[in-house]
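Asks: Mind folding the following:
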Amino acid sequence: MSKYYFLLGGNDAEMNEIRNVLSANNMPFADKGLGWGAKASAYTEEISSAKKEGFTPVLVELENDINYDGVIVDHHGARASEKSSILQVLDLISQEPNRWQELIGANDAGYIPAMVAIGATEEEIANVRLADRTAQGITPEQEREAERAIAAREGSGRLTVIRMAHSKCATVTDRLFGKYDQLLILSSDGEVNFFGDGALCAELKEKFQGWNGGSGLGKKGGSAYWGGYPNHAEIESFVLEALE
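Replies: From the prediction side, this is the model:
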């Protein structure tokens with residue numbers, strides 16, 4: 001087996017599992033506890049040291065801002081058609097994935113639909129999504145607040161409205177997956193998030209700034225998201241009118 005030295009990117013459930021696998025197999029790695037958008041340049045010294053010691057550095061979900069031409073593990077962007085990162089790492093160390101690792105990889109690559117596609121049960125999906133939220137720093141208190149807000153949700157036509165104290169939207173979207181048409185989350189910290197029609201998400205960005213994305217962005221009937229910090233009453237009125 002080649003001598004690999006792994007350099008870990010932003011933390012989530014998949015990166016946690018990669019860390020566990022490397023530790024269990026005594027594989028050398030460096031982990032600086034980076035967030036999403038982590039860059040290879042954060043490990044410049046480690047890459048140099050690893051090479052001097054005869055190791056092959058392996059970048060794991062790190063933006064290649066140093067033009068590294070060695071082994072890079074990733075499955076995002078232009079590499080979205082490849083195996084998930086956990087499965088790529090297991091291939092490198094010649095191990096077969098267990099069920100949990102298959103689920104973790106599917107979740108990271110394609111969220112709940114990808115887990116459903118490999119026959120995941122409701123319990124498996126709930127466990128994986130909880131692991132992912134926990135890895136992202138979501139607290140038990142925030143989980144309980146999401147449950148309270150969901151219980152008090154409001155509905156108007158196609159729109160479901162959630163009002164809660166924080167803006168950790170995964171606590172809501174995970175629990176309501178497949179149970180809403182259009183979803184508006186109004187958070188007490190000032191943030192607003194909308195999940196639904198792609199054309200509307202593009203329109204929201206144009207009118208209220210903020211951010212948006214999703215595979216169906218700009219397409220009527222497509223699936224997308226938008227978020228920002230507009231006036232809550234104004235955004236709720238705008239979305240309701242747009243969906244009439």
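Asks: residue ranges for the strands of the chain, please.
Replies: Ranges of strands in the chain, per DSSP state E, are 4-8, 29-31, 56-60, 71-73, 154-156, 159-164, 182-187, 192-197, 211-213, 223-228.
Asks: What is the third one packed up against?
Replies: For strand 56-60, the elements it packs on are strand 4-8, helix 44-52, strand 71-73, helix 85-92, judged by 3 or more C-beta pairs under 8 Å, 6 or more residues apart in numbering; DSSP states H and E. For glycine as for every other residue, the C-beta is placed from the backbone atoms N, C-alpha and C.
Asks: Return the residues in contact with the spatially most central residue of the chain.
Replies: For the chain, residue 108 is the residue whose C-alpha lies nearest the centre (C-alpha atoms, centre = their mean; 6.6 Å). Contact partners of residue 108, counting by C-beta atoms under 8 Å, 6 or more residues apart in numbering, are 12-14, 75, 84-86, 132.
Asks: what does residue 215 give?
Replies: Shown in contact with residue 215 (C-beta under 8 Å, 6+ apart): 222-224.
Asks: the inter-axis angle of the longest helix seen in the chain versus helix 85-92?
Replies: The helix that spans the most residues within the chain, counting by DSSP state H, is helix 99-117. In terms of direction (axes from the mean of the first three to the mean of the last three C-alpha atoms, to 10 degrees), helix 99-117 departs from helix 85-92 by 130 degrees.
Asks: pull the CA atoms of helix 99-117 into CSV?
Replies: C-alpha atoms of helix 99-117 as CSV (Å, rounded to 0.1, in the frame of the first residue of the first chain):
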residue,chain,number,x,y,z
ARG,A,99,-23.5,0.1,5.8
TRP,A,100,-22.9,3.3,7.8
GLN,A,101,-20.2,4.5,5.5
GLU,A,102,-22.4,3.8,2.4
LEU,A,103,-25.1,5.9,4.0
ILE,A,104,-22.8,8.7,5.0
GLY,A,105,-21.4,8.9,1.5
ALA,A,106,-24.8,8.9,-0.1
ASN,A,107,-26.0,11.6,2.2
ASP,A,108,-23.0,13.8,1.3
ALA,A,109,-23.3,13.2,-2.4
GLY,A,110,-27.1,13.5,-2.8
TYR,A,111,-28.8,14.2,0.6
ILE,A,112,-31.9,12.2,1.5
PRO,A,113,-32.9,11.2,-2.1
ALA,A,114,-29.5,9.5,-2.5
MET,A,115,-30.0,7.5,0.7
VAL,A,116,-33.5,6.5,-0.3
ALA,A,117,-31.9,5.3,-3.6
